[in-house]
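[1] next come a sequence and a model predicted from it.
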Amino acid sequence: MAISDMPMLSALRTKMQWHQERQRVLAENISNSDTPNFRPRDLVEPKFDKAGNTSVTAGGMGSLPMMRASGTNILPTGGSASFNQNSRVGYETRPAGNAVNLEDEMLKVSANQMDYAAATSLYTRSLGLLKTAIGKR
């Protein structure tokens with residue numbers, strides 16, 4: 001078994017790849033903040049089991065692939081298209097139909113950056129410990 005195939009390192013690598021893709025999606029949200037009718041998107045965070053593998057769904061259908069979460073919600077029956085489904089008071093869709101809130105997106109970007117830094121630090125330290133264990137350091 002290769003060192004990179006170890007469950008912990010594989011989980012950290014998956015997490016880092018997820019953070020990289022999420023950073024790209026959040027940057028798209030920010031860059032389209034003035035685009036009419038644009039809805040912000042985000043990624044579904046991968047879930048891991050105790051072994052470090054992506055977790056199995058409740059129905060036992062296997063692991064979930066990384067997918068984009070839609071920023072739009074399904075309208076309730078009888079609802080109008082102008083109804084804002086956002087649960088936060090004070091944040092609403094602008095008249096042009098754009099629902100990007102720059103403050104929220106920038107908070108997500110900074111939190112994502114810190115989480116990515118933590119994952120890369122753990123990955124680097126894990127590799128260092130493995131090198132020490134096999135006498136390469």
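    Yes, it's here.

[2] top helix in this structure by residue count?
    Counting residues, the longest helix found in the chain (DSSP state H) is helix 102-133.

[3] return the set of buried residues in that helix.
    For helix 102-133, the neighbour count (16 or more other CB atoms under 10 Å) marks Glu105, Lys108, Val109, Asn112, Asp115, Tyr116, Ala119, Leu122, Tyr123 as buried. Quick note: C-beta positions are derived from backbone N, CA and C, even for glycine.

[4] helices or strands up against it?
    In terms of contacts (3 or more CB pairs under 8 Å, 6 or more residues apart in numbering; DSSP states H and E), helix 102-133 is packed against helix 7-31.

[5] what angle separates the helix it packs on from helix 102-133?
    Here the directions of helix 7-31 and helix 102-133 differ by 160 degrees (axes from the mean of the first three to the mean of the last three CA atoms, to 10 degrees).

[6] next SSE downstream of helix 7-31?
    Following helix 7-31 in sequence order, the next helix or strand is strand 42-43 (DSSP states H and E).

[7] state the mean pLDDT of that next one.
    Confidence over strand 42-43 (mean pLDDT, whole number) is 90.

[8] again, but for stretch 122-129
    pLDDT averaged over stretch 122-129 gives 92.

[9] can you check stretch 20-34 too?
    93.

[10] what do you get for stretch 106-116?
    Per-residue scores along stretch 106-116 average to 95.

[11] just the CA atoms of that stretch, as CSV, please.
    C-alpha atoms of stretch 106-116 as CSV (Å, rounded to 0.1, in the frame of the first residue of the first chain):
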residue,chain,number,x,y,z
MET,A,106,-16.4,37.1,1.9
LEU,A,107,-17.0,35.4,5.3
LYS,A,108,-17.4,32.1,3.5
VAL,A,109,-14.2,32.7,1.6
SER,A,110,-12.1,33.5,4.7
ALA,A,111,-13.5,30.6,6.6
ASN,A,112,-12.8,28.3,3.6
GLN,A,113,-9.2,29.7,3.5
MET,A,114,-8.6,29.0,7.2
ASP,A,115,-10.0,25.5,6.9
TYR,A,116,-7.8,24.8,3.8
